[in-house]
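*Asks:* need the 3D shape of this:
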Amino acid sequence: MFEGFERERIATSETEIELVRGGAGPPVWLLHGYPQTHAMWDRVASILADDFTVVAADLRGYGDSSKPEGDTEHARYSKRAMAADQVEVMRHFGFESFAVVGHDRGGRVGHRIALDHPEKITKLAALDIVPTRHVFETVGKDLATVYYHWFFLIQPFDLPERLIGGDPSYFLHQALGRYGADLSIFAPEALAHYERCFADPATIHASCEDYRAAASIDLVHDEADRNRKLQCPLFLLWGARAAMHGLYDISEVWRGYAHDVRGKPLDTGHYLAEERPEETERELAAFLSG
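*Replies:* Predicted coordinates:
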């Protein structure tokens, strides 16, 4: 995977972040979602690298990045802490401003980077999400049924860790195959990477902490920013066969959180970058270049 890219591990003030870097041009930072790793971007990153310096990183707690123990406030897995990691890494490479493309959890981290470090973000693309605060404020039966893992993973330590740990591969495959696609969309090398990383008990714990943070300290931070909108241009892509499309008017929701909102659905499930990599790349490149 990531032919022509360099693999690096960068120490931040709190963690070590595993990443790949390649290409030349304006910097674009790619952030993955649950239960994946930077490997999800392989097919998109290789095309974007023709025109951009592309960095695809594992969020703290995921992939081969560091996995701090959880804390009682879940602060170590707040989106604020995850965002700070990525800003430090970009500073390490000399990038004082950059574009962010985030899928799923990575989109939530990108949203927080744009709020906490608005001077750093030139553009933000968020794939197949609405803001965390909006989800919790509007949750009903349909969302709770489809996105049951939001409420399972936030249960106190160590209930979800033990249950997932009984058969991590089964849980991973169920999660990957649940949202409008099947496992055939994933490149074998990427799927093997997900399986290896998710089999680590530390990853299982860290990913639970990510969701616990989303239901606690992240909401405190989001509430403090209730009256702030993103200043950077925001581009939305989502799957027309994914759950969010049926549950929300995604562009309209985000207009309550950002001044400059544009976007469209693609004929995919939740995992746009792996189901339709060329189309996803074209849409992203047009936004990033515009």
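*Asks:* which ones are touching Val100?
*Replies:* 28-29, 31, 86, 110, 113-114, 121, 123-125 (CB atoms under 8 Å, 6 or more residues apart in numbering). Yep, even glycine has a C-beta here, placed from its N, CA and C like the rest.
*Asks:* so it: helix, strand or coil?
*Replies:* For Val100, the secondary-structure state derived from DSSP: H, G, I helix; E, B strand; the rest coil is strand.
*Asks:* dig out what it forms beta bridges with.
*Replies:* Trp29, Leu124 (DSSP bridges).
*Asks:* now it: how far from Trp150?
*Replies:* 23 Å (CB to CB, to the nearest Å).
*Asks:* same deal with Pro188?
*Replies:* Taken as CB to CB, the span from Pro188 to Trp150 is 29 Å.
*Asks:* which one of the two is surrounded by more residues?
*Replies:* Set Pro188 next to Trp150 and count neighbours by other CB atoms under 10 Å: Trp150 wins out with 18 against 8.
*Asks:* list the buried residues in the strand or helix carrying the more buried one.
*Replies:* When elements are assigned from DSSP states H and E, Trp150 belongs to helix 148-152. The neighbour-count check on helix 148-152 (16 or more other CB atoms under 10 Å) flags 149-150 as buried.
*Asks:* and the next helix or strand past that helix?
*Replies:* Next along from helix 148-152, by DSSP H and E: helix 159-165.
*Asks:* tell me the pLDDT of the most centrally placed residue in the chain.
*Replies:* Note on the chain: the residue nearest the mean C-alpha position is Gly106, at 1.7 Å, using CA atoms, centre = their mean. In this model, Gly106 is scored at 98, pLDDT.
*Asks:* and if you look at Ala181?
*Replies:* pLDDT, Ala181: 74.
*Asks:* what is the burial count for it?
*Replies:* Count around Ala181 with other CB under 10 Å applied: 20.
*Asks:* list the contacts for it?
*Replies:* Each residue near Ala181 by CB under 8 Å, 6+ apart is listed here: 241, 268-271, 275.
*Asks:* skip the chain neighbours and tell me the closest residue to it.
*Replies:* Gly269 (3.8 Å; CB to CB, 6 or more residues apart in numbering).
*Asks:* pull out the buried positions in the helix or strand hosting Ala286.
*Replies:* Using DSSP H and E, Ala286 sits within helix 277-289. By 16+ other CB under 10 Å, the buried positions in helix 277-289 come out as 277, 279-281, 283-285, 287-288.
*Asks:* can you give me the strands in the stretch 51-200 of the chain?
*Replies:* 53-57, 98-103, 121-127 (DSSP state E, counting those that start in this stretch).
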